[in-house]
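Chemist: here you go, sequence then predicted model.
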Amino acid sequence: MIAVYADVWYTLKKVGLGDEVMRENAEKMYELAFQYKSTKLWQQLYDDELFAVQLGDGEIGYCSIMGELGDHIALGLYVGESGYQSYRFLLDQPRQVDDILMGALLTSQDCLQCSFENKDMLSDEELEEVRAYAAAHDKPLRGKNAFPQFTKYRPGRYPWHFDSPVDEQRICAALSAAIALKKMLRGHQKYELGLASVHEGASKIPLLVQQESRWVIKFTALPDARMRYPVTEWRDEMTTARIKRLKRRGKLQCGVMRLPSPVQDEEKQDEAPYFPLVLVCLNLASGVLLKPILSKTGDGQNMAAGFAEMILSAKVAPERVELRDEQTKAILSDFCGKAGIQAAITDNLGELDDAMLQMMHRMGPDTDTEDEVEQIGDLCETLMQMRDGELKQLPEEMVAMLLDLAEDGVVPEMLAKRIKRIFH
């Protein structure tokens with residue numbers, strides 16, 4: 001199941017290595033990668049039959065062996081509780097998901113990965129490094145999935161190269177443990193070593209611990225599988241007091257999502273690009289998609305402050321806010337509670353989902369993400385505030401553009417119906 005999403009992601013991915021610097025542990029990483037590939041461990045383990053490894057820095061890493069379908073051959077190392085939760089978030093989803101959830105899945109991963117790719121998936125720097133190692137050690141690079149590649153996945157970030165010796169040491173430990181596990185499986189069944197599907201309820205898994213020059217198996221309980229989001233504490237009492245004095249009317253639907261186009265910080269070219277997090281709010285009564293609130297880092301304080309400012313600008317507070325999921329709840333629940341606004345997670349927010357999908361489809365990889373979001377929000381707000389007579393006075397070129405937007409589903413459904421009613 002993991003490989004299904006990984007294949008989609010790899011069509012988007014290009015890893016940049018920046019300055020050509022031979023990684024401190026490159027020799028060891030490539031040595032272990034080629035040894036691991038020769039084990040063909042993915043022919044015995046499924047990607048949900050996890051084992052753990054005691055890492056040298058004291059952390060526990062959870063290892064998933066990918067490749068049973070033959071498409072994406074990799075070892076994924078999910079470090080600590082947060083890493084494991086990102087793995088389970090991906091594993092526990094159905095195979096068929098909409099674009100919003102797919103975006104969340106692809107940008108939520110927290111892991112280190114050693115995969116085996118075709119050469120067109122590697123950068124020029126990576127190819128040069130792999131070929132240099134292979135030539136020096138007489139390693140063949142022929143056939144499908146012949147080239148080892150090391151990739152770091154962080155939540156909200158573009159897949160990137162390893163950027164610290166700790167990453168390198170951790171993946172070396174995971175590869176070494178996997179090679180040792182293959183040897184332990186000779187003459188034994190998986191269940192005899194405690195390997196079982198975590199997706200089907202396994203609560204503890206084998207823990208490989210290195211004792212001097214050999215690996216031994218112990219066992220460890222799995223962490224809580226639920227993805228946790230830090231609750232944003234609202235402390236602006238002055239703004240809270242102003243909002244409490246506003247009239248209450250209507251209902252908002254709110255959800256957060258990652259936009260599909262990565263953004264590179266011009267001042268941090270050596271860091272992985274980020275996927276902006278956006279808070280989308282829909283006024284149910286009017287059908288207006290309110291001005292989206294963006295955050296580069298996913299900072300809940302900034303998003304809650306933007307939400308509060310939006311309410312103050314409207315000069316009316318909602319009676320109720322329907323929240324799409326736990327992440328949205330973590331950002332807005334404390335603010336809503338202190339401002340006296342009812343807020344709760346609500347299932348089946350169809351109108352909001354439609355608006356979010358329209359925005360996601362609009363934000364293609366070649367667009368200026370932040371400018372596009374601003375324009376969509378501003379356009380919808382402006383159009384909904386105009387009277388029918390004012391809309392009829394628009395130039396023909398503008399009318400034609402609005403009809404195209406309505407037909408293409410770019411604007412919310414209620415606004416699209418109004419445009420069609422007036423101009424048809």
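Modeler: That came through, no problem.
Chemist: what would stretch 36-50 look like as CSV? C-alpha coordinates only.
Modeler: Taking C-alpha atoms only, stretch 36-50 is exported to CSV below (Å, rounded to 0.1, in the frame of the first residue of the first chain):
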residue,chain,number,x,y,z
TYR,A,36,20.7,-4.9,1.3
LYS,A,37,19.5,-5.1,-2.3
SER,A,38,21.2,-8.5,-2.6
THR,A,39,19.0,-9.8,0.2
LYS,A,40,15.8,-9.2,-1.7
LEU,A,41,14.1,-8.9,1.7
TRP,A,42,11.0,-7.4,0.1
GLN,A,43,10.2,-10.8,-1.4
GLN,A,44,9.6,-12.1,2.2
LEU,A,45,8.2,-9.1,4.0
TYR,A,46,5.2,-6.9,3.2
ASP,A,47,5.4,-3.1,3.9
ASP,A,48,3.2,-3.4,7.0
GLU,A,49,5.3,-6.1,8.6
LEU,A,50,7.5,-3.7,10.5
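Chemist: what is the neighbour count of residue 181?
Modeler: 23 (other Cβ atoms under 10 Å). Backbone N, C-alpha and C define where each C-beta goes, glycine included.
Chemist: report the separation between it and residue 75.
Modeler: 11 Å (Cβ to Cβ, to the nearest Å).
Chemist: how about stretch 58-77: buried residues?
Modeler: 60-68, 72-77 (16 or more other Cβ atoms under 10 Å).
Chemist: wait, I meant stretch 103-115
Modeler: By neighbour count on 16+ other Cβ under 10 Å, the buried set for stretch 103-115 is 103-115.
Chemist: which of those residues lies closest to residue 251?
Modeler: Ranked by distance to residue 251 (Cβ to Cβ), the buried residues of stretch 103-115 are led by residue 104 at 24.1 Å.
Chemist: how close does the closest residue to residue 222 other than its chain neighbours get to residue 47?
Modeler: Counting by Cβ to Cβ, 6 or more residues apart in numbering, residue 203 is the residue found nearest to residue 222 once chain neighbours are left out, at 5.9 Å. With distances taken as Cβ to Cβ, residue 203 is found 18 Å from residue 47.
Chemist: that older thread, looking at the buried residues of stretch 103-115, spot the one nearest residue 241.
Modeler: Nearest to residue 241, judged by Cβ to Cβ, of those is residue 104 at 35.0 Å.
Chemist: now, the buried residues of stretch 58-77 that are in strands?
Modeler: If you go by DSSP state E, these have 60, 61, 62, 63, 64, 65, 66, 73, 74, 75, 76, 77 in strands.
Chemist: possible to save the residues you listed as TSV with pLDDT?
Modeler: What follows is these, written out as TSV (pLDDT from 0 to 100):
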residue	pLDDT
60	97
61	98
62	98
63	98
64	97
65	97
66	96
73	95
74	96
75	98
76	97
77	98
